[in-house]
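Undergrad: sequence first, predicted model second:
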Amino acid sequence: MTTMTRPDQKAAAPAPAPATSNHIFREVGLPEDPNNLYSQTVGSMLHGAEVMGLPHYLRLILAQPKNEIMVHFPVKMDDGSFRLFKGYRVQHNNALGPYKGGLRFHHDVHLDDVKSLAFLMTMKCSLVGVPYGGGKGGIKVDPRKHSATEMERIVRRFTTAIAHQIGPDYDIPAPDVGSNSQHMAWIADTYTFLSEIGGSNPTATVTGKPIEYGGSLGREKATGQGVVDTLCEMLPELKLEPKQCTFSVLGFGNVGSWSGKIFQDKGAKLVTVGDHTGFIKNDKGIDAHDLAVYVNKPKSEGGTGGIAGYPKAEKITKEEFYKHKVEVFIPAALEQMIQEPEAEMLNCKVVAEGANAPTTPAGERVLQRRGIEVLPAILCNAGGVTVSYFEWVQNKTFKSWDLERVDGELKKHMIAAAGRTRDARRKYKCDLRTAAYIGALERLQKAYEVRGIFP
Ligand code: NAD
C-alpha cells in the first residue's frame, strides 16, 4: 500500500487509527497503516459506525470496495513513439444506485487514492440524498505534459479499456483533479461510438460535459457553490455571517476558484491563496474573479500555470500562509494537506473542506483541541455530484434546466444534507465529521435492511 505524503510535507507522526476500526481492518485484510489515506478515511467512517451502532455486516461491506479495476493501455505519442499508461476504476458500492465519481488525471495517482475517493463518493451521495453509489477512477498521467492530441488519444483509449465496466445505468464518471469538460466530451463520444446499439442516451454515461454536448448549466461552479451554500447554512451557528469573514483558499483550480468567487460575491474577503506554484497575500482583499482570469492565462501570454507572479498581491511563505488570521480556511487542493504541523499553524475559526480528505485524523485532533470547527468534505463538497445528478436527469429526460432551477435544487440538497448532519450531531453528541458519516450510514443501513444480502 502506498502512503500519500506530498513532497512538500514531512510525514506526520503516526496517529493510531480508532481502536474500534482495528478488528474490521483485520477481518477484511486491510493493513493497519495510520498514514495510509484509505485506512484514514475508512477509519473515520468506522468510528461513526461505532457511535451509531451500525450492524457488523455493514461495516464489513463498506470497509472494502466491490470492484477494483486496473488497466494498462498503449497510446501513440505525437512523435510516433508508443507509451503504456495505467488507469483505474474503483466501484465502491452501488446499494443506492449506479456507481458515481470522478476521474483523476495525475502523475502520482495510486490505487489507494482511488479507493479512498470512491469510498468517499458512496458516503457523499448517501448524505446528500442522490440515487447513486460511489466510484472513482483515474489515469497515471500529467495532463500538462501532453499535447491536446495526445490527451485525446489517452482519454479515448482509456474509455475503450473500461467501456464494459461503465454505462449510464451502471457507472457514471465525471471530472476531478486534472480532468475537465473536454475530456468528458471525448469519453461521452467514445462510449457512444462503442455502444451504438446501446441505451437511449449513451452520453449520460459521463457528467461534467460541455454545455454544447449534454452538460448542465451550473455544473462547472457546482462544487464551489455547494461549499458556499454549506458555509451560509453553518456559519450562523458560530455567530458568523459571510460579510464578517476574511478567508483563505488552498488550491485555486475548479473548486478553489469557484468557492473564492462565490464566497466573495456574498461579501466575504479573500486575503490569502496558495497553490502548487506558491502562496500570496493582500490584506485589502484579492479579487477572486481577477485571480481566476490570471491563473487561466496561457503560458504564451505570461501565465505561470498558477497564482505565482500575480501582480496585485505579495508573495508569502507557506508558514505565513497557514498562520495568517482568517475566519474561514478552504482547503481545495489535494488530500492530506492539513497534517499536525499545518493544523497547529492554522489561525481560523472554520475549515470548510472543498477538497476530499484534506485533513488527516491527526491534523483533525489538533483542530478539535484548538476549537476550530471542520465542515467535512462529504457534506461541504457534495455540490459537484449533486449537479452531476441533475445533468444525468436532464440527459435521461432529454430536457434542459435553467440555471435558477439548478442552483435552487442544489441549495435544497445542501441544506437537507447539513440538516441530517446537524441532527446526527445533536443525537449522538459528536463532531461534525462523525455526524456526517452517521447521516450517510443511516440511509445506507435502511437500504440494506429492506433489500437484504443476495442470496
Ligand atoms: P483542479 O485540478 O482544478 O485544482 C487543483 C488545485 O490544487 C490547483 O490549484 C493546484 O495548483 C492545487 N495543488 C495541487 N498540488 C498542490 C500542492 N502540493 N500544494 C498546493 N496546491 C496544490 O482540481 P479540483 O477539481 O478543483 O479538485 C480539488 C479538490 O476538490 C480535490 O480533492 C477533488 O477531489 C475535490 N473535489 C472536486 C470536485 C469537482 O467537481 N471538481 C468535486 C468534489 C471534490
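TA: Great, that's in hand.

Undergrad: quick one: residues contacting the residue of the chain found nearest the ligand.
TA: With CB to the nearest ligand atom, the shortest gap between the chain and the ligand falls at Gly253, namely 1.9 Å. From N, CA and C alone the C-beta is placed, and that goes for glycine too. By CB atoms under 8 Å, 6 or more residues apart in numbering, the residues touching Gly253 are 177, 275, 332-333.

Undergrad: redo that, cut-off 6 Å
TA: Applying CB atoms under 6 Å, 6 or more residues apart in numbering to Gly253 gives no contacts.

Undergrad: same question for Lys115.
TA: Listed by CB under 6 Å, 6+ apart, the contact partners of Lys115 are 38, 65, 90.

Undergrad: what strand or helix carries the last one?
TA: If I follow you right, that is Val90. In the assignment (DSSP states H and E), Val90 maps to strand 82-93.

Undergrad: against which helices or strands is the next helix or strand after that strand packed?
TA: Sequence order places strand 99-106 as the next helix or strand after strand 82-93, per DSSP H and E. With contacts taken as 3 or more CB pairs under 6 Å, 6 or more residues apart in numbering; DSSP states H and E, strand 99-106 sits against strand 134-140, strand 171-175.

Undergrad: pull the residues that contact strand 99-106.
TA: Applying CB under 6 Å, 6+ apart, the contact partners of strand 99-106 are 91, 118, 121, 132-139, 141, 143, 171-179.

Undergrad: hmm, back to that, so can I have a markdown table of the helices and strands packed on strand 99-106 showing mean pLDDT and distance to the ligand?
TA: Shown next, in a markdown table, are the helices and strands packed on strand 99-106 (pLDDT from 0 to 100; distance: least, CB to the nearest ligand atom, whole Å):
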| stretch | mean pLDDT | distance to the ligand |
| --- | --- | --- |
| strand 134-140 | 98 | 9 |
| strand 171-175 | 97 | 6 |
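
Undergrad: Phe398: which of these is closest?
TA: strand 171-175 (17.1 Å; CB to CB).

Undergrad: run through the strands of the protein in chain order.
TA: Here the chain has its strands, by DSSP state E, at 67-76, 82-93, 99-106, 134-140, 171-175, 246-250, 269-275, 278-281, 314-316, 328-331, 350-352, 373-375.

Undergrad: so which bits of the stretch 351-455 of the chain are right by the ligand?
TA: Contact residues (CB under 6 Å from any ligand atom) of the stretch 351-455 of the chain with the ligand: 354-356, 381, 384.

Undergrad: rewinding a little: next, the angle strand 99-106 makes with the strand holding Val90.
TA: Between strand 82-93 and strand 99-106, the angle formed by their directions is 150 degrees, by axes from the mean of the first three to the mean of the last three CA atoms, to 10 degrees.

Undergrad: quick check: longest helix of the chain.
TA: Secondary structure of the chain per DSSP state H: the longest helix is helix 403-428.

Undergrad: give the rounded mean pLDDT of it.
TA: For helix 403-428, mean pLDDT rounds to 98.
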